[in-house]
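# Provide a 3D model corresponding to the input given below.
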Amino acid sequence: MPPILDHLLAALPAPLHRLALRHGFVVRRWWFKILKPRLSGVRMVILDAAGQTLLVKHTYGPQAWMVPGGHMRRAEDPIAAARREAQEELSIALADPQLVEVFTETVRGAQVTVHVVVARATAIPRADSREIAATGWYPADALPPDASPLLARQLPRWIAAWRAA
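Residues are numbered from 1 along each chain as shown. Prediction:
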């Protein structure tokens, strides 16, 4: 999303912002199917002092627990994108961020290059109530039932890569 659109959405009251995100999510699904764009995004595996992983539920889209993340701006560094998204959505800074994996996946026709960044939280995250509805800390081996089975397989590998770095 262009930075100017980010600023315009941020200026809206939270209920209107959530409504815009829900409608935008539907429009984006059609846009992906028709135009098949190439995009870049970041997924953040954020750990607390006990080694638990931060999961979020969004105010739009699938209502499953997932790691936080977001889009990357054109030519934006993945670590910078992760720091920006963590601050915008969760009001936290990241400590010791490391890029641990880059892969491409197809999302409703769009080719998305995903950059996985693992870091420690520097504070208790606060859901922004615009994009993030809820947050929770979970051990990597005891994720909630509505978390993705794919996440359950990937998470231990990402955390191990971060610890090894």
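# How many residues are close by residue 145?
Other residues within reach of residue 145, judged by other Cβ atoms under 10 Å, total 6. Bear in mind the C-beta positions are built from the backbone N, C-alpha and C, glycine included.
# Please determine how far it is located from residue 128.
Using Cβ to Cβ, to the nearest Å, we find residue 145 at a distance of 25 Å from residue 128.
# what sits opposite residue 121 in the beta ladder?
residue 94 (DSSP bridges).
# for the record, mean pLDDT for stretch 70-86?
For stretch 70-86, the mean pLDDT works out to 96.
# I meant stretch 49-65, not that one.
In this model, stretch 49-65 has an average pLDDT of 92.
# Repeat that for stretch 131-145.
Stretch 131-145 shows an average pLDDT of 94 in the prediction.
# now residue 57, nearest residue through space, not along the chain?
Leaving out its chain neighbours, the residue that sits closest to residue 57 by Cβ to Cβ, 6 or more residues apart in numbering is residue 134, at 4.5 Å.
# right, and that neighbour touches residue 56 too?
Yes - using Cβ atoms under 8 Å, residue 134 is in contact with residue 56, at 6.8 Å.
# what sits in contact with each of those two?
Counting by Cβ atoms under 8 Å, 6 or more residues apart in numbering, the shared contacts of residue 134 and residue 56 are residue 127.
# Show me which of the two is the more surrounded one.
residue 56 (22 against 13).
# show me what contacts that one?
Taking Cβ under 8 Å, 6+ apart, we find residue 56 in contact with 65-68, 89-90, 127, 132-136.
# For residue 114, state which of those residues is nearest.
residue 67 (10.7 Å; Cβ to Cβ).
# how many other residues sit next to residue 103?
When neighbours are counted by other Cβ under 10 Å, residue 103 comes out with 10.
# Pull the contacting residues for it.
113-114, 116.
# Spell out for me the ChimeraX command that would select the buried members of these.
Selection of buried members from the contacts of residue 103 for ChimeraX, criterion 16 or more other Cβ atoms under 10 Å:
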select :114,116
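# got a list of what the residue nearest to residue 57 touches?
Contacts for residue 134 (Cβ under 8 Å, 6+ apart) come out as 56-57, 127.
# Let's see which of those residues end up in strands.
56-57 (DSSP state E).
# Same list, the contacts of residue 134, but as a markdown table with distance to residue 149 please.
Formatted as a markdown table, the contacts of residue 134 follow (distance: Cβ to Cβ, whole Å):
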| residue | distance to residue 149 |
| --- | --- |
| 56 | 18 |
| 57 | 17 |
| 127 | 24 |
